[in-house]
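Asks: Could you work out the structure for the sequence below:
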Amino acid sequence: MLVSVSCPQESSPSAAHRPLELVAREWEQPGDVAQALLAFRDRPGLVALDSAGGRPADFSWVAWDPKVRAEGLTSLDELEAWMQVRARTAGRTPIPGPFQGGFLGALSYDLGCAEENLDLPAEPWGWPKILGGWYTDFLVFDHGAGRAWVVTERSDGWEARLEAALARLQRNATPRPFGVGALQRHTPPEEHQRRIEVAREEIAAGDYYQVNLAHRFTAPMQGDPLDLYLRLRRSNAAPYAGYLRFPGGACLSSSPELLLDWNGQEAHTRPIKGTVARHADPEKDRAAQAQLLASEKDRAELAMIVDLERNDLGKIAVPGSVQVPAFPELETYTRVHHLVATVRAKPRPGTTGLDLLRALFPGGSITGAPKLASMEAIARLEGEGRGLFTGALGFLDVRGHLRFNILIRTVLWRPEGATTDERGWGAGLGRGELSFRVGGGITYASQAAAEDQETLHKARGMTDAWGAETSP
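Replies: Got it, this is the predicted structure:
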């Protein structure tokens with residue numbers, strides 16, 4: 001089956017509009033996202049937005065060979081200008097799924113809040129603040145229908161590109177072995193607990209109501225980060241998982257949290273606050289769910305973040321359109337139960353997807369409230385930039401529609417002696433280093449030792465996926 005979409009594209013701001021037409025051919029008897037990632041492991045700029053499990057598992061994408069890399073962009077305004085030279089209006093006939101070609105990539109937490117001059121510290125690895133590129137070659141999976149399509153641009157050689165992609169998918173590609181060494185915790189337990197006590201004192205003084213504090217682990221790794229991601233997505237299946245390979249590194253996420261979904265009509269976000277471990281025994285697992293639902297602390301944290309998100313969306317929404325259909329909602333994942341809430345809004349006419357992203361970014365659930373005060377506290381207490389951690393991974397398509405997660409449960413990888421040149425595009429088979437952060441929301445009711453233990457539980461949820469030599 002072939003379908004197409006036409007959207008104007010130009011190579012420079014002054015270039016004449018010309019159509020960008022995409023074509024899709026159905027993958028008969030489709031495999032899964034893991035098979036697709038293995039088939040395209042050696043392609044430049046491999047990226048996946050992966051509904052690996054949980055709710056909603058609707059669409060996934062695997063893309064490769066970006067036409068243009070989003071290099072040197074340092075703000076959402078610059079990303080908007082970068083998009084505008086490539087796509088101005090919507091297409092006529094849609095490709096299956098909500099992504100119609102465009103930007104796929106990741107946004108660093110250190111972009112900060114739009115129009116706010118926050119003095120955020122440098123991120124230790126020195127990665128760019130915006131990563132990704134402009135994609136017109138990709139696979140789209142409709143999980144509800146159990147169907148998949150290969151998509152490419154209708155330009156010279158398009159039929160050959162579709163056939164080559166389908167031929168790749170028939171190969172018997174298998175995961176490769178990898179190894180992860182001993183973990184190093186960069187903030188000792190006593191220091192993290194001291195920071196929590198400082199935050200409690202500042203909350204008592206009225207500086208802010210809640211703050212999310214995190215700390216970092218690193219470990220050596222041998223092998224390709226894609227194989228680590230395949231293990232992670234299976235062990236911690238999540239609806240907003242994803243993988244991004246770029247010059248100099250990779251981002252591997254098993255995030256359950258949605259920052260923003262905008263379909264051109266309605267926007268929604270789904271903040272998470274409140275976590276409890278699952279149990280193999282059904283009776284104990286039901287008791288854990290009941291305990292979480294009854295937790296005054298967790299419900300209060302979620303209520304504060306819902307109020308923050310309502311306020312953020314309310315700035316650009318039609319009056320009276322911001323709604324919270326249910327509070328709280330209980331979501332169950334592979335290893336944990338979460339309290340979540342959905343905040344919906346109908347933006348005012350003329351509002352763009354990037355307007356919405358500027359209003360919400362970074363997500364309130366991973367900053368605290370009020371947002372600016374909590375971000376200033378995070379910068380001061382953590383003492384280093386977060387980079388992609390608690391940033392966002394997702395798409396911004398040619399119509400301005402978008403979907404971004406929040407990058408929690410996320411591992412970052414770089415090759416040994418990493419640079420930002422072309423060596424990072426292909427499969428990384430040598431030595432490298434991985435890094436991840438874990439944290440939690442702090443209120444005045446928080447107990448420092450218990451909060452520190454909760455971060456270790458979250459860390460084990462990831463390290464169990466690859467069997468690190470030293471568990472936190």
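
Asks: Going by C-alpha atoms from here, please, whenever you check contacts or count neighbours.
Replies: Noted.

Asks: next one: stretch 264-275 to chain centre, how far?
Replies: With CA atoms, centre = their mean, to the nearest Å as the basis, stretch 264-275 stands 13 Å off its chain's centre.

Asks: Next: stretch 233-250.
Replies: 8 Å.

Asks: Start and end of it, how far apart?
Replies: Stretch 233-250 has its terminal residues 15 Å apart, counting by CA to CA, to the nearest Å.

Asks: buried sites along it?
Replies: Residues of stretch 233-250 classed as buried: 233, 235-250 (neighbour count, 16 or more other CA atoms under 10 Å).

Asks: I'd like to know which of those residues are part of helices.
Replies: 233, 235 (DSSP state H).

Asks: Could you say which helix or strand holds Leu230?
Replies: In this assignment (DSSP states H and E), Leu230 forms part of helix 225-235.

Asks: Now that helix: average pLDDT?
Replies: Per-residue pLDDT over helix 225-235 has a mean of 95.

Asks: Against which helices or strands is it packed?
Replies: Helix 225-235 is packed against strand 240-246, strand 249-255, helix 448-466, with contacts defined by 3 or more CA pairs under 8 Å, 6 or more residues apart in numbering; DSSP states H and E.

Asks: Switch the ones you listed over to TSV; also include mean pLDDT and distance to Ala199.
Replies: Listed next are the helices and strands packed on helix 225-235 as TSV, based on pLDDT from 0 to 100; distance: least, CA to CA, whole Å:
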stretch	mean pLDDT	distance to Ala199
strand 240-246	97	30
strand 249-255	96	26
helix 448-466	90	10
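
Asks: of all these, which lies closest to Ile406?
Replies: Ranking these by their distance to Ile406 (criterion: CA to CA) puts strand 249-255 first, at 6.7 Å.

Asks: May I have the strands that pair with the closest one, each with its orientation?
Replies: According to DSSP bridges, strand 249-255 forms sheet pairs with strand 240-246 (antiparallel), strand 410-415 (antiparallel).

Asks: what distance separates that strand from the centre of its chain?
Replies: Distance, stretch centre to chain centre, for strand 249-255: 8 Å (CA atoms, centre = their mean).

Asks: between that strand and helix 225-235, how big is the angle?
Replies: 0 degrees (axes from the mean of the first three to the mean of the last three CA atoms, to 10 degrees).

Asks: ok, then the element right after strand 249-255?
Replies: strand 258-262.

Asks: That following strand packs against which elements?
Replies: Judged by 3+ CA pairs under 8 Å, 6+ apart, the packing partners of strand 258-262 are strand 267-270, helix 353-360, strand 402-405.

Asks: Relative to Val140, how far out is the closest residue in space to Pro370 that isn't next to it in sequence?
Replies: Among residues not flanking Pro370 along the chain, Tyr208 sits closest, at 5.9 Å (CA to CA, 6 or more residues apart in numbering). Relative to Val140, Tyr208 is positioned 43 Å away (CA to CA).

Asks: So for those two, which sits in the more crowded spot?
Replies: Val140 (26 against 20; other CA atoms under 10 Å).

Asks: Verify the contact between that one and Ala148 for me.
Replies: Yes: between Val140 and Ala148 there is a contact at 5.5 Å, judged by CA atoms under 8 Å.

Asks: what is in contact with these two at once?
Replies: Counting by CA atoms under 8 Å, 6 or more residues apart in numbering, Val140 and Ala148 have no contacts in common.
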